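Asker: Sequence and predicted structure below; questions after.
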Amino acid sequence: MKVVSRHSLPLAFFLYRADAWIVPQLSKRIAISSRFLTSFYGSMSSELPALTFVTGNKKKLEEVKHILSSNGNKLPFDVTNQKIDLPELQGDDPVEIAKEKCKLAAEQVQGPCFTEDTSLCFYALNGLPGPYIKWFLEKCGHDGLNKMLVGFNDNSAYAQTVFAFTIGPGHPVEVFDGRTEGKIVPPRGSLDFGWDPVFEPLEGNGKTYAEMNKDEKKAISHRSRSLAKLSAYLSENAESIAQDLSTKKARSS
Ligand SMILES: O=c1[nH]c(=O)c2ncn([C@@H]3O[C@H](COP(=O)(O)OP(=O)(O)OP(=O)(O)O)[C@@H](O)[C@H]3O)c2[nH]1
Ligand SMILES: [Mg+2]
């Protein structure tokens with residue numbers, strides 16, 4: 001467990017024993033620290049704290065697993081998944097939608113979790129369909145998405161994923177934005193995942209997402225970019241997150 005130094009357990013043990021020996025005024029304070037440290041380190045020494053990725057979309061889950069595992073999953077947390085179809089929130093600000101989605105997920109999970117919301121934004125339409133892409137794709141299909149741009153000279157678009165993370169209900173939500181620029185084209189490639197066949201990223205050597213293998217998409221995708229930021233945040237803040245989780249657990253028990 002990376003976030004626990006090898007000196008931590010002896011220190012926790014020392015503080016734990018110390019409250020029996022030191023003068024009463026001091027011992028009260030130390031008793032608090034020792035209880036904190038033993039519960040903090042005790043909870044972490046056996047297993048990594050678990051974070052839940054909440055999504056109802058199995059292709060997203062597949063990609064997230066692939067990205068995390070091929071990065072050697074260096075996260076100092078276990079990642080589990082819950083398939084919950086959260087309400088589709090409305091609005092034109094992907095960050096606000098992502099935050100609200102994460103709050104709803106935290107209520108369901110009653111613990112630390114993360115979610116993501118993905119948009120496909122057409123420049124000619126000032127960012128629409130954006131977060132509404134799910135419904136546009138469902139109702140209009142790949143051809144409809146192309147037809148929406150007939151009459152414009154601009155078929156440029158970007159794919160955006162916003163990951164959102166919280167340690168639990170009522171706690172702040174952190175957001176992480178990742179984007180890939182590209183253009184909307186007639187469908188090419190596998191029909192496995194959503195609008196992948198009609199999105200040709202600028203960095204994709206002329207391939208649509210749907211024509212790429214998993215690693216090619218991962219190398220340039222909106223999801224990888226956003227997830228890289230979330231992973232960096234989790235790694236940099238592992239100690240304070242684990243501490244907050246431990247405090248939260250102690251309060252609720
Ligand atoms: O071709 C694609 N390549 C992608 O990389 C990608 N990522 C998401 N999507 C689709 O875009 C909409 C986002 O809506 P969305 O973020 O609300 O997702 P969702 O409702 O499916 O799942 P979730 O909200 O439970 O996580 C949904 O239709 C998704 O299927 C993608 N399509
Ligand atoms: Mg959704």
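Answerer: Sure, I can see it. Ligands and ions are numbered 1, 2, ... in the order given.

Asker: Tell me where the model's unsure across the protein.
Answerer: 1-46, 71-73 (pLDDT under 70).

Asker: So what's the residue count around the residue of the stretch 101-250 of the chain found nearest ligand 1?
Answerer: Using C-beta to the nearest ligand atom, the point where the stretch 101-250 of the chain gets nearest to ligand 1 is G194, with a distance of 2.5 Å. In short, each C-beta sits where N, CA and C put it, glycine included. Other residues lying near G194 total 20 when counted by other C-beta atoms under 10 Å.

Asker: Tell me who's in contact with it.
Answerer: K59, I133, L137 (C-beta atoms under 8 Å, 6 or more residues apart in numbering).

Asker: So which of those belong to helices?
Answerer: K59, I133, L137 (DSSP state H).

Asker: okay if I get those as a markdown table plus neighbour count and distance to A105?
Answerer: Shown next, in a markdown table, are the ones in helices among the contacts of G194 (neighbours: other C-beta atoms under 10 Å; distance: C-beta to C-beta, whole Å):
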| residue | neighbour count | distance to A105 |
| --- | --- | --- |
| K59 | 12 | 18 |
| I133 | 20 | 20 |
| L137 | 17 | 23 |
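
Asker: Is it possible to get TSV of those residues that adds distance to F163?
Answerer: Below are these laid out as TSV (distance: C-beta to C-beta, whole Å):
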residue	distance to F163
K59	16
I133	17
L137	21
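
Asker: Return the distance of the residue nearest to the spatial centre of the chain relative to C113.
Answerer: The chain has F163 as the residue nearest its centroid, 4.0 Å off, counting by C-alpha atoms, centre = their mean. Here the criterion is C-beta to C-beta, to the nearest Å. By it, F163 lies 11 Å from C113.

Asker: for E200, helix, strand, or coil?
Answerer: Reduced to three states with DSSP: H, G, I helix; E, B strand; the rest coil, the structure at E200 is strand.

Asker: Show me what it is bridged to.
Answerer: Listed by DSSP bridges, the beta-bridge partners for E200 are K183.

Asker: Report how many residues lie close to it.
Answerer: 22.

Asker: Next up, the contacts around it.
Answerer: Taking C-beta under 8 Å, 6+ apart as the test, what E200 contacts is G182, K183, I184, V185, G206, K207, T208, Y209.

Asker: Just among those, which is most surrounded?
Answerer: Y209 (26 neighbours).

Asker: How about that one, nearest residue that isn't a chain neighbour?
Answerer: Spatial nearest neighbour of Y209, chain neighbours left out: D196 (3.9 Å); criterion: C-beta to C-beta, 6 or more residues apart in numbering.

Asker: surely the one you found meets R188?
Answerer: No - the pair D196 / R188 is not scored as a contact, 9.7 Å apart, by C-beta atoms under 8 Å.
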